[in-house]
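Undergrad: 3D, please:
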Amino acid sequence: MTELSKDTGVIAVLLQRMETQRLPRALALKEKVGQGEQLDEFDIEFLKEVFADANEIKSIVKQHPEYQALAARVVHLYKEIMDKAMENEEKS
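TA: Residues are numbered from 1 along each chain as shown. Presented below is the predicted three-dimensional model:
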């Protein structure tokens, strides 16, 4: 298996996971914190998992610039969630 075909397979799995799992959950978290709610332990564990995965795929994104804009948008979404969650924590 060539490195390119291996990357293509990994990217396909990551995109499917993003579409079916990560993005819906992230949008739900964004709505939750947007309503002033705090993150619970399951939300925080989810975010930890997402950030751990992000560190693992940095090299793939670096090698495939066509996915860098998407990765940047996803990171920005999670940053918005974290910023609002911190703001909600400070208010309570």
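Undergrad: For L77, give me the pLDDT.
TA: Predicted confidence (pLDDT) for L77: 95.
Undergrad: So what's the residue count around it?
TA: For L77, the neighbour count with other Cβ atoms under 10 Å is 16. Placement of C-beta: from N, CA and C, glycine included.
Undergrad: If we go by neighbour counts, what in the helix or strand where it lies is buried?
TA: In the assignment (DSSP states H and E), L77 maps to helix 68-91. Across helix 68-91, burial judged by 16 or more other Cβ atoms under 10 Å covers A71, V74, L77, Y78, I81, M82, K84, A85, N88.
Undergrad: wait, doesn't the third one sit right on E31?
TA: No. With the criterion set as Cβ atoms under 8 Å, L77 and E31 do not qualify as a contacting pair; they are 12.0 Å apart.
Undergrad: wouldn't E89 be in contact with Q38 here?
TA: Yes. Using Cβ under 8 Å, E89 is in contact with Q38, at 6.1 Å.
Undergrad: about what we covered before: okay if I get the buried residues of helix 68-91 as JSON lines plus distance to E45?
TA: Output for the buried residues of helix 68-91, formatted as JSON lines (distance: Cβ to Cβ, whole Å):
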{"residue": "A71", "distance to E45": "22"}
{"residue": "V74", "distance to E45": "18"}
{"residue": "L77", "distance to E45": "18"}
{"residue": "Y78", "distance to E45": "14"}
{"residue": "I81", "distance to E45": "14"}
{"residue": "M82", "distance to E45": "14"}
{"residue": "K84", "distance to E45": "18"}
{"residue": "A85", "distance to E45": "13"}
{"residue": "N88", "distance to E45": "18"}
